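**Student:** Provide a 3D model corresponding to the input given below.
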Amino acid sequence: MSQVYVTAMENARQIMLAQAVNANNLANASTDGFRAELSYLMDTEEGRQAFSTPDLSAGYVRSTGRNLDVAVKGDGWIAIQGPDGTEAYSRRGDLQVDVFGQLTNGAGRPVLGNNGPIALPPFANIEIAGDGTLSIQPLGQPANTLAVIDRIKLVELDPTRVQRGEDGLMHLPDGETAVASATTQLVSGSLEGSNVNAVEEMVKMIDLARRFEAQIQLMRSEDENSASLAELMNFS
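**Tutor:** You can find the predicted model right below:
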């Protein structure tokens, strides 16, 4: 197998990896709080390779009026429990209470408070303050009776250290956890949308598809050249 063929095959593989990132962005263009992944191809000593990094720019915030909807102000994050039980971070604020009274986000991930996942007793009404404090009106109690239950863990992360894990959530390196921030604020009754620009992602998808096809064509040409050379050698 020629070096040209090997290089073209590896380039095609790297383009496919970049295309997978692009496809995931498009699939989450309407997912609340989603942060796009920026993919790019770079020439290295090992050849052209695909790399990616999270795009931490803000998404559009819209008002919903729903008590359990929250949007994070500035660069803060909501601490949640990942699928493996470790602490992870998300901007997704479409909160809900499951059948067990546990506070989760729209993806079903438990929201963390001062002492782990937040569990709520039965309530008639709920309020989420700007600092993440959760207050409820217990069932059977007057409307002016509010009991503070917990506080959503809000954190600030160094953008140069934020990593997207295999679970699709944001993490700090080496299993580190962030300290709760006293200054990060929420906007109740609002949601932040995805920061994915669908038009840009579609343009990128077309460009990557063309690059992939070019590598496939190069491999086909190399196959034809090898076959022609083999025939000439047989004649000689």
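**Student:** domains for the chain, by residue range?
**Tutor:** In terms of domains, the chain is parsed into 3-55+196-235, 61-192 (source: automatic domain parsing).
**Student:** could I get these as TSV with mean pLDDT and mean neighbour count?
**Tutor:** For every residue, glycine as well, the C-beta is placed using N, CA and C. Converted to TSV, the domains of the chain look like this (pLDDT from 0 to 100; neighbours: other C-beta atoms under 10 Å):
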stretch	mean pLDDT	mean neighbour count
domain 3-55+196-235	84	15
domain 61-192	95	16
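**Student:** which residues does the residue lying closest to Q141 once chain neighbours are set aside contact?
**Tutor:** Leaving aside its chain neighbours, Q141 sits nearest to A124 (7.4 Å; criterion: C-beta to C-beta, 6 or more residues apart in numbering). Contact analysis of A124 by C-beta atoms under 8 Å, 6 or more residues apart in numbering lists 136-141, 143.
**Student:** show me what the helix or strand D150 falls within is packed up against.
**Tutor:** Element membership for D150 (DSSP states H and E) is strand 147-151. Using 3 or more C-beta pairs under 8 Å, 6 or more residues apart in numbering; DSSP states H and E as the contact test, the elements touching strand 147-151 are strand 133-138.
**Student:** which residues touch the strand it packs on?
**Tutor:** Looking at strand 133-138 with C-beta under 8 Å, 6+ apart, the contacting residues turn out to be 103, 113, 118, 120-129, 143, 145-152.
**Student:** do the same with stretch 82-91
**Tutor:** For stretch 82-91, contacts defined as C-beta under 8 Å, 6+ apart pick out 33-35, 59, 72, 77-81, 105, 107, 109, 112, 155, 157, 162, 165, 167, 169-171, 175, 177-178, 192.
**Student:** chain center to it: distance?
**Tutor:** 11 Å (C-alpha atoms, centre = their mean, to the nearest Å).
**Student:** quick one: terminal-to-terminal distance for that stretch?
**Tutor:** By C-alpha to C-alpha, to the nearest Å, the extent of stretch 82-91 from end to end equals 14 Å.
**Student:** let's number from 17 now, not from 1
**Tutor:** Yep, numbering from 17; the last one is stretch 98-107 now.
**Student:** for the residue nearest to Q157, helix, strand, or coil?
**Tutor:** What DSSP: H, G, I helix; E, B strand; the rest coil gives for A140 is strand.
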